[in-house]
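Student: got a predicted model here, sequence first, then my questions.
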Amino acid sequence: MRIALLGPITWRTPPRAYGPWEQVVSLLADGLAARGVDVTLFATLDSVTPATVDGVCPRPYGEDPSLDGRVWEALHIGHCLARSGEFDLVHNHLDWLPLAMAKLWRAPLLTTVHGFSSPAILPAYRAAAAAGARFVSISNADRAEDLPYVATIYHGIDVSQFPLQTHPGEHLVAFGRIHPDKGTADAIEIARRAGRPLIICGPVHDEAYYAERVAPHIDGEQVRYLGNVGPQQRAEVLGGAVALLHPIGFAEPFGLSVVEAMMCGTPVVAYPKGAMPELIEPGRTGLLVDTVEAAADAVADVARLDRSQVRDIAESRFSATRMVDEYLHLYEKIVADT
C-alpha cells in the first residue's frame, strides 16, 4: 500500500517549535514508515522523517517572509496532485484548498479536518464530499452536520517526549497561541486568584491583545513569558506545573497542549468548550469549570489528583501508536472498498 501524506508547509515537519498540524503529520509519517508502509510525505523540503519526503517549498513560509504562503501552498498541492495516481490513497492535512480540486485527484482522497477556520470554507468541503472525498474528525465536537465522516481519530503524541513528573513546582502554566481564543488573560487572573505564579508559552497571534491584556502583567515573578518553546522545553514546563490552565474562548477542535500536559501527569483546568469534555475526565485528569472564579478554586482540587493516574489515562487514550494504528486500519478499509 502506497500512501501520500499531504502536509502543511507553514512550518517544518516536525516543527521546531509551534506547529500542531505539522507535529501530528510528523508522528503519523514516522509511525507508518516504522510499520513498513510505503509513505511519501509532501512537506517542506527541510522536513525530517524516515518516510520519503517530496515537495517544492524549500523551507517553511512561516519562517521566511519572502515566501508567499498562498503561492507556495498552491504549488505544493499541485505537485502532489500531479503525482496522486502513483498512490493508493492521498491523506490530506492541508485544510480546504486540496478539496477544491477533489474531482482531479487520481487516488481516493481522505482529509483530516483539523478545524474549520470559518463557516465560509464549508462549500469546498461539501463539493469534495459530492465528488467522493472522505473526512476524519479529530473530535466528535468538531463535526459539520452534513459531511460524510468515516471516523473520529483523536490526535496522538510521542509518549517518550513527555515523561511523568510526580513532583511538580509551584507554578501554573498557560500553553498555546497568545490570542483571545486561548484565554491567556483569563489564565493570568486565574493564577492571581489561586495565589500561584504563572508561566506563559506560545507565539503571539494577536499583537493588540498581547500588548493590552497580557504584556502589562509580565513581571518575571508572578507572570513569566517564555515565548515559543521547543519540544524539550515543552515537557519541562508542562510537567513542572501544578496544572495547565486552558480557559479557552472558542470551541477548540482538539487541544494538543492539554494532552501533552496530561501525559506528563499534569492535570488540566479548562472551560468546557469544544473538545474539552472529550479530552478531560473530571476528577481524574482535571476539572471543567465555567468561570475565572471557579477555575481559581479548582486549582487546589486538581493539585490533589494522582499524577500517575493522569499519565496512565493519557497514555491509554492519546499515544501516537494508537493514532497510527487507527489511521492504518482506516486506510486499509478505504483501499479495500475502492
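Tutor: Arrived safely.

Student: report the rounded mean pLDDT for stretch 274-288.
Tutor: What stretch 274-288 shows for mean pLDDT is 98.

Student: helix, strand, or coil at the closest residue to residue 75 other than its chain neighbours?
Tutor: In space, and not counting its chain neighbours, residue 75 is closest to residue 56: 5.1 Å by CB to CB, 6 or more residues apart in numbering. Heads up, the C-betas are built off the backbone N, CA and C, glycines and all. Here residue 56 is recorded as coil under DSSP: H, G, I helix; E, B strand; the rest coil.

Student: so who does residue 56 touch?
Tutor: 45, 72, 75, 76, 79 (CB atoms under 8 Å, 6 or more residues apart in numbering).

Student: roughly how far apart are it and residue 28?
Tutor: Counting by CB to CB, to the nearest Å, the separation of residue 56 from residue 28 is 21 Å.

Student: next: residue 170.
Tutor: Distance of residue 170 to residue 28, computed by CB to CB: 37 Å.

Student: same question for residue 271.
Tutor: Applying CB to CB to residue 271 and residue 28 gives a distance of 29 Å.

Student: which residues touch residue 153?
Tutor: Counting by CB under 8 Å, 6+ apart, residue 153 has contacts 112, 136, 137, 138, 323, 326, 327, 330.

Student: among those residues, which lie within helices?
Tutor: 323, 326, 327, 330 (DSSP state H).

Student: of residue 271 and residue 28, which one has the most company?
Tutor: Counting neighbours by other CB atoms under 10 Å for residue 271 and for residue 28 shows that residue 28 has the greater number, 29 against 22.

Student: packing partners for the helix or strand in which that one is found?
Tutor: Using DSSP states H and E, residue 28 sits in helix 20-34. Counting by 3 or more CB pairs under 8 Å, 6 or more residues apart in numbering; DSSP states H and E, the packing neighbours recorded for helix 20-34 are strand 2-6, strand 38-42, helix 256-263, helix 320-337.

Student: for the longest one, the averaged confidence score.
Tutor: When you say that, I think you mean helix 320-337. 98.

Student: repeat for stretch 80-88
Tutor: 98.

Student: begin at 117 from here
Tutor: From this message on, residue numbering opens at 117, which makes the last subject stretch 196-204.

Student: hey, C-alpha coordinates of it in PDB?
Tutor: Extracted in PDB, the C-alpha atoms of stretch 196-204 (Å, rounded to 0.1, in the frame of the first residue of the first chain):
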ATOM      1  CA  CYS A 196       1.100  16.300  -5.000                       C
ATOM      2  CA  LEU A 197      -1.900  16.300  -7.300                       C
ATOM      3  CA  ALA A 198       0.300  15.600 -10.300                       C
ATOM      4  CA  ARG A 199       1.700  12.500  -8.600                       C
ATOM      5  CA  SER A 200      -1.500  11.300  -7.000                       C
ATOM      6  CA  GLY A 201      -2.000   8.500  -9.500                       C
ATOM      7  CA  GLU A 202       1.100   6.800  -8.000                       C
ATOM      8  CA  PHE A 203      -0.600   6.200  -4.700                       C
ATOM      9  CA  ASP A 204      -3.400   4.000  -3.300                       C
END
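
Student: run through who's touching that stretch.
Tutor: Contacts of stretch 196-204 (CB under 8 Å, 6+ apart): 117-120, 122, 156, 158, 170, 206, 214, 217, 220-224, 447, 451, 454.

Student: among the ones in helices among the contacts of residue 269, who's most crowded?
Tutor: Neighbour tally across these (other CB under 10 Å): the maximum, 23 neighbours, falls on residue 443.

Student: and that residue, what does it touch?
Tutor: With CB under 8 Å, 6+ apart, residue 443 has these contacts: 144, 148, 207, 252, 269.

Student: quick check: the farthest pair among these?
Tutor: 148 and 252 (14.9 Å; CB to CB).

Student: what ranges does the stretch 267-416 of the chain have for its strands?
Tutor: 288-291, 314-317, 339-343, 359-362, 384-386, 402-404 (DSSP state E, counting those that start in this stretch).

Student: helices or strands next to the second one in the packing?
Tutor: To tie it back to what came earlier, the one meant is strand 314-317. Under the contact criterion of 3+ CB pairs under 8 Å, 6+ apart, strand 314-317 touches strand 288-291, helix 300-310, strand 339-343, helix 347-355.
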